[in-house]
Structure formats: C-alpha cells, structure tokens
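# From the sequence below, what's the structure:
(chains A and B)
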Amino acid sequence: GENVEQHPSTLSVQEGDSAVIKCTYSDSASNYFPWYKQELGKRPQLIIDIRSNVGEKKDQRIAVTLNKTAKHFSLHITETQPEDSAVYFCAASAGGTSYGKLTFGQGTILTVHP
Amino acid sequence: NAGVMQNPRHLVRRRGQEARLRCSPMKGHSHVYWYRQLPEEGLKFMVYLQKENIIDESGMPKERFSAEFPKEGPSILRIQQVVRGDSAAYFCASSPGVTSDEKLFFGSGTQLSVL
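The predicted structure is shown next:
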C-alpha cells in the first residue's frame, strides 16, 4: 500500500519568514495530494490540494509543488503569521473511486514566533 | 450548509463497553469516510461507505469494529468491547460522489476515551 513520509516533524520560524514542509510517497498510482492544517483539538482543514496533471498550485501565501518523477511534493508558506501555527499534514490517494482513501504523513508542528 | 456533523464530541467508556459514533454528512453527500487519529499521529483510513454499502473496509480492525451508513440517518461507527488502545479521535468526512474535482471535508471528530 501507499506510504507517505513527511519532514520535518517540527518547524520553528520567525513571523514573516517562509516555511517549507516536504513529503514523499511510494505508490506511483497516487495522483491526488491534499494538505491539511489541524489546530489543537480541531478538525483537519483542507488548505490546498494538487492533482498529478499540474506541477504547482498557489493560493495567496500558500503554494504546493509536485514532482511526480521523484514522488515528492512540498508545501510552501510565505510571510508566515502567528495564526499559521498548527500541525500540517500531507496526504496522498490514487484518485478515482479511491480518491477519499487518503494516506497521511506523520504531521509537522509549525510554530511561528511573533 | 452545516458541514459534516459528528456526535458526541467526547465519549467516555469503560473497558468492555460499546461505543457508537455518529456522522451526518454534508447535505447532498452520499459518501462517508471514517478515520482514526492516535495522539500525535496522522489520520489513518478505516472505512469508506456509500448509502447502504460498504465500499472499502481495508483499514478496519477485523474484530469489534463495524460501520454502517443506512438509507436514512447518520453513518455509525460501532466499537464493541472497547479496550484502552481504542482511545483516539475518530473523524469522518463526506463527499458528494466520485468525480475528478472532489475534495474531502472533515467533521469535528469524536474523542473516545476508554477508562
């Protein structure tokens, strides 16, 4: 089955800096890659996703890149703010009828210091 | 649209009791997924259901766990004879169906604590 590795496990940055979180996956059939933000005791919230037919997607301060050949994808947050502090999870699925069967990474605890 | 609704938010059970977790999908959604999250870990897929059908239960433990999504009413995740290791947050997510542009939105979860 699919295996998703996520790094780093913790990330500490100063307000205004950029943050980058990287994930690798093992199953070449995976073609859907969402990123979720989870605050303590809250639900995972979808912040951005990318499908295998594109290499990069951007939404304001958040961007995701995908390298299908190398089987890795990354989340980039620019101009970080204290409210960006949370746990971030990457995930992958094979799409189609299996698109909702996500395999999650282990999570990255992001702390943005004012 | 109220989003994916789960109840209860917190559930405390003693070892050996049964736990029943409920998930009402978003309006118009007929597909439900259950995930389990152990402390400081990512979510793990358990089961995928459509109305009255289990589509994929490859992540469900073989014993004590069952899930249903009846024609009427919420989806239910049932854990019989709970043990301490069942303590976790259980999240469900719903979607309208299977298309190339769908996204998965999660409910607020049920925190199960087994004493």
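
# near chain A at all, the worst-scoring helix or strand of chain B on mean pLDDT?
Ranking every helix and strand in chain B by mean pLDDT, DSSP states H and E puts strand B:105-106 at the bottom, with a mean of 88. Yes - for strand B:105-106, a contact with chain A is found by C-beta under 8 Å from any C-beta of the partner chain, at B:105-106. (Glycine included, C-beta is placed from N, CA and C.)

# What count of nearby residues applies to the residue in chain B positioned nearest to chain A?
Using C-beta to the nearest C-beta, the single residue of chain B nearest to chain A is B:G42, 3.5 Å away. Around B:G42 there are 22 other residues, counting by other C-beta atoms under 10 Å in any protein chain shown.

# Report the separation between it and B:F91.
Between B:G42 and B:F91 the computed distance is 11 Å (C-beta to C-beta, to the nearest Å).

# Check which helix or strand the residue nearest the centre of chain B maps to.
Residue closest to the average C-alpha location in chain B (C-alpha atoms, centre = their mean): B:W34, at 3.5 Å. Per DSSP states H and E, B:W34 falls inside strand B:31-37.

# Next one: the residue of chain A found nearest chain B, what pLDDT does it get?
Nearest to chain B in chain A, going by C-beta to the nearest C-beta, is A:F104, at a distance of 3.5 Å. On the pLDDT scale, A:F104 is placed at 96.

# looking at the sheet around it, what are its partners?
Beta bridges link A:F104 to A:A91, judged by DSSP bridges.

# Just to check, it is in contact with B:R36?
No - under the contact definition of C-beta atoms under 8 Å, A:F104 does not touch B:R36, with a separation of 10.9 Å.

# any shared contact partners between those two?
With contacts defined as C-beta atoms under 8 Å, 6 or more residues apart in numbering or on different chains, the residues shared by A:F104 and B:R36 are B:43-44.

# OK, contacts around residue 28?
Reading this off chain A. Contacts of A:S28 by C-beta under 8 Å, 6+ apart are A:K71.

# let's do chain B instead
B:P96.

# Beta-bridge partners for B:R13, please?
According to DSSP bridges, beta-bridge pairing links B:R13 with B:V114.

# thinking again about what came up before, enumerate every residue touching the residue of chain A closest to chain B.
A:4, A:36, A:89-91, B:42-44.

# how much space between it and B:Q17?
29 Å.

# Any part of stretch A:16-24 near chain B?
No - judged by C-beta under 8 Å from any C-beta, stretch A:16-24 stays clear of chain B, getting no closer than 10.8 Å.

# near chain A, which residues of chain B?
Counting by C-beta under 8 Å from any C-beta, chain B sits next to chain A at B:31, B:33, B:35, B:40-45, B:48, B:55-56, B:91, B:93, B:95, B:98, B:100, B:102-109.

# among the residues you listed, which are in strands?
Applying DSSP state E to the residues of chain B next to chain A, the entries found in strands are B:31, B:33, B:35, B:43-45, B:48, B:55-56, B:91, B:93, B:95, B:105-106.
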